[in-house]
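In: need a structure here:
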Amino acid sequence: MKPIVKSVLLPAMLALAGCGTSDSTARLAELSGLISDSPRDLDGIWVSDGYGYLIVQAEEVFEFYHVTAEVCVAADVSDITLSNVFDTYRIGQSDDVVFLSNQPEPHEIAFNRVVALPDRCATPVSSSVSSTIDALTSFMLTHYAFFEERGVDWEAASQRLADAAATIRSDAELFETIRSELAAFNDAHVELTAYIGDETLRFDADPGVIRETLTRQAAESDIGYRALQTQLNRDLWVTGIGDTVLRGQGFSAGNDRIRYGMAADSVGYLAIRSMGGFIEDGAEPQTEAQAFGQALDDAINLFNHENANAVIVDLSINTGGYDYIARQLAERFASRPTPAYTLYAADSRIRRTYDYVITPSDRPRFEGRTIVLASRAAVSAAELAIICLDALDSVEIVGETTRGALSTKLAKLLPNGWELMLSNQVYIDHEGQAVEAIGIQPDTAFDVFIDDNLAENHLSAVMQTIDMALRQSRE
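Out: Residues are numbered from 1 along each chain as shown. Just a heads-up that it's a prediction; the model follows:
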């Protein structure tokens, strides 16, 4: 899932669409809309319930802070406005509550009006080592949702970081000290980005099997990481899928993030590398959805035209992206409205749970047997897509258990200008199971990535899945 404020999601506005025309609903309709067109109803000082945001909004003023009970770090928003951070607003039952969200996600964050800026926000926070460590430990303690699931004693880690603060003499030492503690999370959505001179350092607490393998291979050879990545793309995506699985007769779509075609006379194949990035230079969510929708139209029309008995949806190398793309995919395989998952923010004072239902698309759909190939490389929105597909009729998940990192990345600015990403949202599947740190287990398990021969591993897993589909079609 995409990071920063721009990637939040929730379905309260969908519920409004089905309401009647009571006075209350009429008022909500009147006091809601695009923030860019908003009246002065949003003026004031607002603190979010969960997420740790504080906003100051007035006619000529916009300020944005990252806050906990102990910490307040001001973000540089000198060249943006509130409408650059959130798209839409809805006034609550009183004028002291407002819900902000981003299109096309229906997810809202509740903000409560406060009378004054907290004292801790009145003066700039120090950028010292100790202030940076204090902010990081406070942000994690306040917002991170999965200490127990990840087996991390954050109280002990915080003490180690505090003890180390006095001995740290450089930014490089600070980065390594923090990195060593965050590594214990093994969470793909726990990240640290540091700016040291002209260099940008990034740490991901779980880079995944593909990145880990390429990094190790680069360290053990004279071939650089980028060259190895390019070679893997050619071997896996072009030769493996294009030439072998699709027999040179497949199609590429969505900025080559999608490949599809007939893998056998009766088996369709659809591989998706990410839940976004379908436009070469980046695009707004609506444009991404349009590009993805057109690719799905073409792929499913092909499968239906060829009378496919089964379709393999290969998400085994999908690196994630947007939740709405994950749901858009599942809608093309749904035959009836189906509850798929529930989402809530674990750090909110009032727990607002939001239930997501996959509704059949009114565009081309495939309603036959669907086999989803998963792996331990699949992460984030790829896992959400698997959750949504798994809830549907006639869908079987095969391969490996996924990474178990679904929460949208919550971005926090540290006092020294570095950035911390963490997980604060809980996703619960249609069976009531929270899968963070566990992953989504396949119905039929077999290895996908078993050694350093990533392209060969993937091709073998795909061919095994095709054989499974063919056997099932003969039964």
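In: Okay, domains of this structure per the record?
Out: Taking automatic domain parsing as the domain assignment, the record places the domains of the chain at 5-114, 129-206, 224-404+439-474.
In: Take these and lay them out in JSON lines including distance to D429 and mean pLDDT.
Out: In this view, the C-beta of every residue, glycine as well, is placed from N, C-alpha and C. Converted to JSON lines, those look like this (distance: least, C-beta to C-beta, whole Å; pLDDT from 0 to 100):
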{"stretch": "domain 5-114", "distance to D429": "16", "mean pLDDT": "76"}
{"stretch": "domain 129-206", "distance to D429": "15", "mean pLDDT": "97"}
{"stretch": "domain 224-404+439-474", "distance to D429": "5", "mean pLDDT": "96"}
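In: so where do the strands sit in the stretch 1-150 of the chain?
Out: Under the criterion DSSP state E, counting those that start in this stretch, strands of the stretch 1-150 of the chain are mapped to 32-34, 44-48, 53-58, 61-67, 72-74, 88-91, 97-101, 108-114.
In: meant to ask about the stretch 201-350 of the chain, not that
Out: With DSSP E, counting those that start in this stretch as the criterion, the stretch 201-350 of the chain has strands spanning 251-253, 258-264, 267-272, 310-314, 338-345.
In: looking at those, which is closest to I168?
Out: The stretch from the strands of the stretch 201-350 of the chain with the least distance to I168 (C-beta to C-beta) is strand 338-345; that distance is 32.6 Å.
In: count of neighbours near the residue lying closest to S473 once chain neighbours are set aside?
Out: For S473, the nearest residue in space outside its immediate sequence neighbours is N309; the separation is 4.3 Å by C-beta to C-beta, 6 or more residues apart in numbering. Burial of N309 is recorded as 18 neighbouring residues (other C-beta atoms under 10 Å).
In: Then the one 5 residues further on?
Out: Residues contacting D314 under the criterion other C-beta under 10 Å number 27.
In: any idea how far N301 is from it?
Out: 19 Å (C-beta to C-beta, to the nearest Å).
In: just to revisit the earlier point, need the strands of the stretch 1-150 of the chain in a markdown table (columns: distance to Q290).
Out: A markdown table is the format used below for the strands of the stretch 1-150 of the chain (distance: least, C-beta to C-beta, whole Å):
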| stretch | distance to Q290 |
| --- | --- |
| strand 32-34 | 20 |
| strand 44-48 | 31 |
| strand 53-58 | 30 |
| strand 61-67 | 30 |
| strand 72-74 | 37 |
| strand 88-91 | 20 |
| strand 97-101 | 21 |
| strand 108-114 | 24 |
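In: Out of the ones you listed, which gets nearest to L214?
Out: Between the strands of the stretch 1-150 of the chain, strand 61-67 lies closest to L214; by C-beta to C-beta that is 33.2 Å.
In: Output that closest one in PDB, but only the C-alpha positions, please.
Out: Backbone C-alpha positions of strand 61-67 (Å, rounded to 0.1, in the frame of the first residue of the first chain) are rendered in PDB as follows:
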ATOM      1  CA  VAL A  61      -2.600  29.500   7.000                       C
ATOM      2  CA  PHE A  62      -1.900  25.800   6.700                       C
ATOM      3  CA  GLU A  63       0.300  23.900   9.200                       C
ATOM      4  CA  PHE A  64       0.800  20.200   9.500                       C
ATOM      5  CA  TYR A  65       2.400  18.400  12.500                       C
ATOM      6  CA  HIS A  66       3.200  14.800  13.400                       C
ATOM      7  CA  VAL A  67       2.200  14.400  17.100                       C
END
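In: Report the distance from it to the chain centre.
Out: Using C-alpha atoms, centre = their mean, to the nearest Å, the mean C-alpha position of strand 61-67 is found 24 Å from that of the whole chain.
In: Please name the nearest non-neighbouring residue to V462.
Out: Among residues not flanking V462 along the chain, V245 sits closest, at 5.4 Å (C-beta to C-beta, 6+ apart).
In: Correct me if wrong: the one you found contacts Q464.
Out: No. Between V245 and Q464 no contact is recorded; they are 11.6 Å apart, counting by C-beta atoms under 8 Å.
In: Have a look at those two and say which one is more surrounded.
Out: Under the neighbour definition other C-beta under 10 Å, V245 and Q464 were set side by side, and V245 has more, 24 against 17.
In: which residues touch the more buried one?
Out: In this structure, V245 makes contact with 263, 269, 459, 462-463, 466, judged by C-beta atoms under 8 Å, 6 or more residues apart in numbering.
In: let's go with 6 Å and repeat that
Out: Counting by C-beta atoms under 6 Å, 6 or more residues apart in numbering, V245 touches 263, 269, 462.
In: Am I right that the residue nearest to S473 is in contact with S266?
Out: Yes. Using C-beta atoms under 6 Å, N309 and S266 qualify as a contacting pair, with a distance of 4.3 Å.
In: Can you check which residues contact both of these two?
Out: When contacts are counted by C-beta under 6 Å, 6+ apart, N309 and S266 have S473 as shared neighbours.
In: residue ranges for the helices of the stretch 251-400 of the chain, please.
Out: Secondary structure of the stretch 251-400 of the chain (DSSP state H, counting those that start in this stretch): helices at 285-305, 323-331, 381-390.
In: give me every residue that touches D206.
Out: Under the criterion of C-beta under 6 Å, 6+ apart, the contact partners of D206 comprise 186-188.
In: that older thread, save the domains of the chain as CSV, and put in distance to Q433 too.
Out: As requested, these are arranged in CSV below (distance: least, C-beta to C-beta, whole Å):
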stretch, distance to Q433
domain 5-114, 20
domain 129-206, 12
domain 224-404+439-474, 9
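In: Out of these, the one nearest S423 is which?
Out: Across the domains of the chain, closest to S423 is domain 129-206 (C-beta to C-beta), at 4.5 Å.
In: what about that closest one, how long is it end to end?
Out: With C-alpha to C-alpha, to the nearest Å applied, domain 129-206 spans 25 Å between its terminal residues.
In: Can you give the distance of that domain from its chain's centre?
Out: In terms of C-alpha atoms, centre = their mean, the gap separating the centre of domain 129-206 from the centre of its chain is 21 Å.
In: ditto for stretch 368-385
Out: Taking C-alpha atoms, centre = their mean, one finds stretch 368-385 lying 14 Å from the centre of the chain it belongs to.
In: again, but for stretch 291-309
Out: Averaged C-alpha coordinates place stretch 291-309 at 26 Å from its chain's average position (C-alpha atoms, centre = their mean).
In: which residues are in contact with that stretch?
Out: Under the criterion C-beta under 6 Å, 6+ apart, residues 253-254, 258, 260, 262, 266, 268, 270, 278-279, 311, 325, 332, 363-364, 366, 473 lie in contact with stretch 291-309.
In: show me what contacts H458?
Out: By C-beta under 6 Å, 6+ apart, the neighbours of H458 are L236.
In: That one: helix or strand, and which one exactly?
Out: Element membership of H458, judged by DSSP states H and E, is helix 454-474.
In: Report the inter-axis angle for that helix versus strand 258-264.
Out: Inter-element angle recorded for helix 454-474 and strand 258-264: 50 degrees (by axes from the mean of the first three to the mean of the last three C-alpha atoms, to 10 degrees).
In: For helix 454-474, list every residue counted as buried.
Out: Residues of helix 454-474 classed as buried: 454-455, 457-462, 464-466, 468-470, 473 (neighbour count, 16 or more other C-beta atoms under 10 Å).
In: All good on my end, thank you.
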